[in-house]
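J.: output the structure for:
(one chain, ligands or ions: 2)
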Amino acid sequence: MDAIIKNFPPHADKGEATAEKNSYMDKAVTDRPSQEEVENAVRTLLRWTGDDINREGLIETPKRVAKAYREMFSGYDQCPAEELGRTFEEVQGYNDMVLIKDISFHSHCEHHMVPIIGKAHVAYLPDGKVVGLSKIARVVDIFARRLQTQEAMTAQIAHVIQDVLKPRGVAVLVEAEHMCMAMRGIRKQGSFTLTTTFTGAYREDLQEQARFMTMLRDKHG
Ligand SMILES: Nc1nc2c(ncn2[C@@H]2O[C@H](COP(=O)(O)OP(=O)(O)OP(=O)(O)O)[C@@H](O)[C@H]2O)c(=O)[nH]1
Ligand SMILES: [Zn+2]
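T.: Ligands and ions are numbered 1, 2, ... in the order given. Model prediction:
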């Protein structure tokens, strides 16, 4: 496990980016500003809205926003691989699909820093060992609490489960609404984006893929 958990700044490459350097499994070492700096930055954004930063209702806002950001972006302080470290082998030889549906998440798009609201559906085909169900949801949350594109988040969830748990295959389907498309820009409410990543048997065997999709669809009736 130690070999997998590495620490380095996620954007610190000096023109020599490698897949390893940008590993989705890392606990990022961040270069955070001071409390004073971040509160000043929020004041600048408040001025950018056109509001009066000195009115009573906004006095504490910079502090609140700084605190909210630490919570909403807490995924940078956590390592998804670590969550998958504890596994169970006593499952009576169970080796069929484990599917966790409807894992709700809130993320933020890396382009506009506004919410992405959606659900992830994650399945894997065990190879002798399973992981606690909540750990899969924790992995989704960790990646969601970073700035994201939906495509990257979908791939990251699938690949970390594949790399750490080493099941026969992983299937991830993410469905989400992007507030940057609903609240601004094109302003399309209710449009959902679906993304999938399949690894191992799910990628190679179309029947396994179809079974995953059927089990998801069955739930929706
Ligand atoms: N592929 C992908 N695109 C995303 C995601 N989240 C937001 N976007 C898109 O990122 C694009 C950024 O486009 P730009 O033209 O650079 O920025 P913009 O002028 O704000 O774009 P508009 O939203 O079209 O006004 C937009 O088309 C967004 O819809 C995502 O998770 N995946
Ligand atoms: Zn966006």
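J.: and the strands in the chain?
T.: With DSSP state E as the criterion, the chain has strands at 87-88, 98-109, 115-125, 130-131, 147-148, 169-178, 193-199.
J.: pull the distance from stretch 40-47 to the chain's centre.
T.: In this view, stretch 40-47 has its centroid 27 Å away from the chain centroid, taken as CA atoms, centre = their mean, to the nearest Å.
J.: list the contacts of the residue in the chain that ligand 1 sits nearest to.
T.: With CB to the nearest ligand atom as the measure, residue 185 is the residue of the chain nearest to ligand 1, at 3.2 Å. Where you see a C-beta, it was placed from the backbone N, CA and C, and this is true even at glycine. With contacts defined as CB atoms under 8 Å, 6 or more residues apart in numbering, residue 185 has no neighbours.
J.: contacts for the helix or strand of the chain with the lowest mean pLDDT?
T.: In the chain, no helix or strand scores lower on mean pLDDT, DSSP states H and E than helix 206-220, which sits at a mean of 89. Identification of contacts with helix 206-220 by CB under 8 Å, 6+ apart yields 97, 99, 101-102, 121, 123, 125, 169, 171, 173, 198, 201-203.
J.: so can I have JSON lines of the residues you listed showing pLDDT?
T.: Below are those laid out as JSON lines (pLDDT from 0 to 100):
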{"residue": "97", "pLDDT": "97"}
{"residue": "99", "pLDDT": "98"}
{"residue": "101", "pLDDT": "97"}
{"residue": "102", "pLDDT": "98"}
{"residue": "121", "pLDDT": "98"}
{"residue": "123", "pLDDT": "98"}
{"residue": "125", "pLDDT": "98"}
{"residue": "169", "pLDDT": "98"}
{"residue": "171", "pLDDT": "98"}
{"residue": "173", "pLDDT": "98"}
{"residue": "198", "pLDDT": "98"}
{"residue": "201", "pLDDT": "98"}
{"residue": "202", "pLDDT": "98"}
{"residue": "203", "pLDDT": "98"}
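J.: the residues you listed, buried ones only, as a PyMOL selection?
T.: Typed into PyMOL, the line below selects the buried ones among those, using 16 or more other CB atoms under 10 Å:
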select buried, resi 97+99+121+123+125+169+171+173+198+201+202+203
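J.: distance to ligand 1 for the contacts of helix 206-220 - can I get that in TSV?
T.: Converted to TSV, those look like this (distance: CB to the nearest ligand atom, whole Å):
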residue	distance to ligand 1
97	27
99	24
101	21
102	20
121	17
123	22
125	27
169	24
171	19
173	15
198	19
201	27
202	22
203	21
